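> here you go, sequence then predicted model.
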Amino acid sequence: MKFSKFGQKFTQPTGISQLMDDLGDALKSDQPVNMLGGGNPARIEAVNELFLQTYQALGNDGSFREDINSTATSSMANYSNPQGDAAFIDALVGFFNRHYDWNLTSENIALTNGSQNAFFYLFNLFGGAFTDEQNESVDKSILLPLTPEYIGYSDVHVEGQHFTAVLPHIDEVTHDGEAGFFKYRVDFEALENLPALKEGRIGAICCSRPTNPTGNVLTDEEMAHLAEIAKRYDVPLIIDNAYGMPFPNIIYSNVTLNWDDNTILCFSLSKIGLPGVRTGIIVAAPEVIAAVSAMNAVVNLSPTRFGASIATPLVENDAIKDLSDNEIKPFYQQQAKTAVTLLKKELADYPLVIHKPEGAIFLWLWFKDLPITTLELYDILKEKGTLIVPSQYFFPGVDISDYKHAHECIRMSIAADEQTLIDGIAVIGEVVRKLYDEAK
C-alpha cells in the first residue's frame, strides 16, 4: 500500500512517536518499569479527589443527558461549535480578566484537543510556504530562541520541518547553595543576527515557559526582549504554558505572565492531572482564534467537551488556581529536591551537572564527556527497565552533528512515586558509573 507524501511524513519514526510507543509498551509490560521518560503528570491525591467530585457532580446535573433544554454547565451529548465549549470559554474569559486584567472577550479564546493539536495548527499557520507582496513564494520558519525545546514540536508541520533555532548560553550556577548546576540563557546577539529574521523568513517566535525538557524558566527580561523582537519584525510570539502560570503553575521563579494582541498563549489541562481529556486552550487575537476555529471544524468538527465540563466550575470559583498553587506546585518542587538528592548521592564523584530546577516535571541531566551518546544510553537503560528520553530529539532547527552537548543530556521525569525515583535513579547511577569507569 502506497501513502502520499503527507502519509509518509507522519508514518516515519520520530522522537515523539518513539516516546509514546515506549510509554504504552511499558504500561502493558508484565515486568516492572521505572517510568522516568514520559510527560504524564503525577497522581496527587488532593487533585484526583477534586476531579472525582467534579466528575460525579456532572452526572447529577444533566451534563450527560440528551436534553437541549438542560441547564447543565455543558452537555456532552451535543457538539460545541468549532471554537469550543462556550461555557468554558466564558469561564476562562472571566478568570483571565479577574487575575490579569487583559480585557479579553470570547473572541480571544479557542479550545483544541490538547496543546499538541494547538501547535499543529499554529505552526502550520505561521510556518511553511507563504506568498509575499510580489506574489512570490517564501518559506517561513518558526523561530525557537532557545534550544533544547519540546520534543513534540519537531514533526508537526504538514510538509517538511520549518524551524530556525538558536543554541543557548550555558552558565554555571548554584541551586539552594550547592554547586553542580547550570542554566540555559537566550543568546540574543546570535538571535538578532539570524539571516532568516532579517530577511523576513520567520513566521513566528515560540518558546515554552517553563521549558520542556529542561525546567528552565525564561526571565521577565528575556520575555520582554522576545516580545519586542516579535513586534519589531511583525510576527507573533507564541508561549507554551503547558507547565506554567496560572495552571498548573509548576514554576518556582518569581515571574509574571503578560499578554497582548501580538502574543499567543497556549495552556493545557494535561499537567493539572487531566491528560486523557485532551483539552488545550489558546488565547490570542480574534483573527488567530477565527483561523483555529476554522481548522477545528475541518480536523475535529469541534473540540472535545469532557475536559471543559470538568474544568468550568473549577475555573469559575478559582479552585483550579488554588489547586495549582497549594497542591501541584509544592508537590513537584519536593519531587525535584528528592530527585536531586538521589542523583547527587549516586553520581557524587562523576561529571553530572543538573539544569537548575525552575519548573515543569522533569530534570535535565548533563553527563559531561559521556563515553557514548545518550541515545545509546537510552537503549541500555531501557533494557534494564528504566525509561528516560535522550537529548538529541530536543534540538529542532539546528544541526547537532558537531554539537557534543546535544548528545550528552537526558530528560528524566520526576512525576513518578518516590520508590520509582529511587529505583530508576539507582539504575541510571549504576550504568553511568560503569560507563565512565570503563572509559578511564
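Received, thanks.

> what is the neighbour count of residue 256?
9 (other C-beta atoms under 10 Å). Backbone N, C-alpha and C define where each C-beta goes, glycine included.

> quick check: it touching residue 221?
No - with contact defined as C-beta atoms under 8 Å, residue 256 does not count as touching residue 221 (11.1 Å).

> how far off centre is the one helix or strand residue 290 maps to?
Assessed by DSSP states H and E, residue 290 sits inside helix 286-299. Using C-alpha atoms, centre = their mean, to the nearest Å, the mean C-alpha position of helix 286-299 is found 21 Å from that of the whole chain.

> average pLDDT for that helix?
Averaging pLDDT along helix 286-299 yields 96.

> residues making contact with that helix?
81-84, 107-112, 117-118, 121-122, 125, 236, 264, 282, 284, 302-303 (C-beta atoms under 8 Å, 6 or more residues apart in numbering).

> what comes up buried for that helix?
288, 289, 291, 292, 293, 295, 296 (16 or more other C-beta atoms under 10 Å).

> out of those, who's nearest residue 216?
Of all the buried residues of helix 286-299, residue 216 sits closest to residue 288, with 26.2 Å by C-beta to C-beta.

> now the closest one: how far from residue 182?
36 Å (C-beta to C-beta, to the nearest Å).

> please apply the same query to residue 429.
The value you get for residue 429 to residue 182, if C-beta to C-beta is used, is 20 Å.

> could you do residue 407 as well?
From residue 407 to residue 182 the distance is 16 Å (C-beta to C-beta).

> all strands for the stretch 151-300 of the chain, in order.
Along the stretch 151-300 of the chain, counting by DSSP state E, counting those that start in this stretch, strands occupy 163-165, 169-175, 178-185, 202-208, 237-240, 263-268, 280-283.

> then the stretch 1-150 of the chain?
So, for the stretch 1-150 of the chain - with DSSP E, counting those that start in this stretch - the strands run 34-35, 109-112, 128-131, 137-144.

> quick one, which of those strands is packed in tightest?
strand 109-112 (a mean of 28; mean count of other C-beta atoms under 10 Å).

> so for that one, mean pLDDT?
98.

> tell me how far the nearest residue to residue 301 once chain neighbours are set aside lies from residue 315.
Spatial nearest neighbour of residue 301, excluding adjacent residues (C-beta to C-beta, 6 or more residues apart in numbering): residue 79 at 6.3 Å. From residue 79 across to residue 315, the span is 21 Å (C-beta to C-beta).

> please say which of those two ends up with more neighbours.
Taking neighbours as other C-beta under 10 Å, residue 79 and residue 315 compare with residue 315 leading, 23 against 13.

> pLDDT wise, what is that one at?
If you check residue 315, the pLDDT there is 97.

> show me what contacts it?
So residue 315 contacts 88, 91, 92, 94, 95 (C-beta under 8 Å, 6+ apart).

> helices - which of these land there?
Counting by DSSP state H, the part of the contacts of residue 315 found in helices is 88, 91, 92, 94, 95.

> want to throw those residues into CSV with pLDDT?
Formatted as CSV, the ones in helices among the contacts of residue 315 follow (pLDDT from 0 to 100):
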residue, pLDDT
88, 96
91, 97
92, 98
94, 98
95, 98
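
> just the buried subset of those residues, written out for ChimeraX, thanks.
In ChimeraX, a selection of the buried entries from the ones in helices among the contacts of residue 315 looks like this (16+ other C-beta under 10 Å):
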select :88,91,92,95
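
> out of the ones in helices among the contacts of residue 315, who's nearest residue 392?
residue 92 (36.8 Å).

> ok, for the closest one, nearest residue in space, not its chain neighbours?
Per C-beta to C-beta, 6+ apart, closest to residue 92 is residue 109, 5.4 Å.

> mind listing the residues bridging to the one you found?
residue 283 (DSSP bridges).

> correct me if wrong: it contacts residue 87.
No - in this structure residue 109 lies outside contact range of residue 87 using C-beta under 8 Å: 12.0 Å.

> which SSE is the spatially closest residue to residue 414 that is not a sequence neighbour in?
With C-beta to C-beta, 6+ apart as the criterion, residue 414 has its nearest non-adjacent residue at 4.2 Å, and that residue is residue 335. Here residue 335, judged by DSSP H and E, is contained in helix 329-346.

> tell me which residues in that helix are buried?
329, 331, 332, 333, 335, 336, 339, 340, 342, 343, 346.

> show me what contacts residue 439?
Taking C-beta under 8 Å, 6+ apart as the test, what residue 439 contacts is residue 371.

> now it: phi and psi?
phi -90, psi -10 (degrees, to the nearest 10).

> how close does it get to residue 388?
In terms of C-beta to C-beta, residue 439 sits 20 Å off from residue 388.

> with residue 131 instead?
Taken as C-beta to C-beta, the span from residue 131 to residue 388 is 44 Å.
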